[in-house]
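Novice: curious how this folds, go ahead:
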Amino acid sequence: MSTRRVFIKKSALLSSIGSIVGFNSKASEGISNSANKPIVISTWMHGIPANEAAWSVLSKGGKAIDAVEAGVKIPEADPAIKSVGFGGYPDENGRVTLDACIMDENNQCGSVACLEHIKHPIAVARLVMDQTPHVMLVGEGALEFALQKGFPKENLLTPETLKGWEEMQEEFKKQKSIINIENHDTIGMLALDSQGNLSGSCTTSGLANKLHGRVGDSPIIGAGLFVDNEVGAACATGVGEEVIKQAGSAMVVELMRHGMNPEQACKEIVSRIIKTNRGKKDFQVGFLALTKEGVFGAYSILGGFNYAVYDQEGNRLIDSPFIGG
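Specialist: Numbers count the residues shown, from 1 in each chain. Below you'll find the predicted structure:
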């Protein structure tokens, strides 16, 4: 009986401490019960126009899943953005191959990888989610599926991109791929709609001069993107191989489930990546995260990573904190 009383007292004490300290991101940041919604966040400067398209959906009461698809279509179609979609830098064989994934509030997801000749891989990924029993289609199978669904077959390699790729060949001889602000290889987008539901998307042309057939983290659910509608969502950018090794985005979300706020969770996975690389910090990886309450945060290895946020305060660009070189 005395053992039972001790257990009850300890349980009550822990419950009281938990209510004071707060074992969740909302309590730890001292935010109110009212969620910051709708909201959309996305990686890099090209997230600003992408957010505009997503906000046009969210501000009218639209669903997060529709917003994240509409949003990333903007950089996919912009040839000035060399790391996403049309006009993206090609692989070592001079071929533009695209990767994308999308995930909704019900843990439904779709993905395509190493897809050629299709300007909007995110739309193909959406159809994989909505119209097939599968999660991922790759290569020729993904192209065949897209063509069957009526997507036009296009040449995605622009003369400007080809010229830039050719001019980079001397640098590529020194290192297989160059990771910098011009070759950060993705846009990830996370949204919370007015109904309180989360969704995310991610799309990329991958690293310039990659081996043909290389697939990074961007189309891999749990690595480049993960959504848990009870907790939050996360996406990644940078060297995809390092993100895959940590199941990066899924781990960020899991850390938020266990009490970390978005910035803390992103920093923890960045730190793990550095640790597994024996302290090396000469490459870029960044994470972006959003909670169910609309709290957001990011963290990266190196400086230069920024992200766009659009909520009731407007659309703006924020520099991510970073560990440093």
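Novice: what about the closest residue to residue 240 other than its chain neighbours, how many residues nearby?
Specialist: Nearest non-adjacent residue to residue 240, counting by C-beta to C-beta, 6 or more residues apart in numbering: residue 216, 2.5 Å away. In short, each C-beta sits where N, CA and C put it, glycine included. Here the count is done by other C-beta atoms under 10 Å, and residue 216 has 25 residues near it.
Novice: before we move on, what about residue 151?
Specialist: If you count neighbours by other C-beta under 10 Å, residue 151 ends up with 19.
Novice: residues contacting the nearest residue to it once chain neighbours are set aside?
Specialist: What sits nearest to residue 151 in space, not counting adjacent residues and going by C-beta to C-beta, 6+ apart, is residue 118, at 5.2 Å. Residues in contact with residue 118 (C-beta atoms under 8 Å, 6 or more residues apart in numbering) are 98, 124, 143, 146, 151, 153-154, 156.
Novice: equivalent analysis for residue 130, please.
Specialist: residue 110.
Novice: quick check: which element contains the residue nearest to the spatial centre of the chain?
Specialist: Nearest residue to the geometric centre of the chain (C-alpha atoms, centre = their mean): residue 235, 2.6 Å. When elements are assigned from DSSP states H and E, residue 235 belongs to strand 232-238.
Novice: mind checking how far the residue nearest to the centre of the chain is from residue 112?
Specialist: Separation of residue 235 from residue 112 (C-beta to C-beta, to the nearest Å) stands at 17 Å.
Novice: and for residue 131?
Specialist: Applying C-beta to C-beta to residue 131 and residue 112 gives a distance of 13 Å.
Novice: more neighbours: those two, which one.
Specialist: The neighbour count for residue 131 versus residue 112, taken as other C-beta under 10 Å, is higher for residue 112 (30 against 11).
Novice: which residues touch the nearest residue in space to that one that is not next to it in sequence?
Specialist: Distances taken as C-beta to C-beta, 6+ apart put residue 142 closest to residue 112, at 4.4 Å, once the chain neighbours are dropped. Neighbouring residues of residue 142 by C-beta under 8 Å, 6+ apart: 112-115, 124.
Novice: number of nearby residues for residue 78?
Specialist: 16.
Novice: backbone dihedrals for it, please?
Specialist: Dihedral pair for residue 78: phi -100, psi 110, per degrees, to the nearest 10.
Novice: and the pLDDT at residue 163?
Specialist: Per-residue confidence (pLDDT) for residue 163: 91.
Novice: which parts of the helix or strand hosting it are buried?
Specialist: Assigned by DSSP H and E, residue 163 belongs to helix 159-167. Buried residues in helix 159-167, defined by neighbour count with 16 or more other C-beta atoms under 10 Å: 161, 165.
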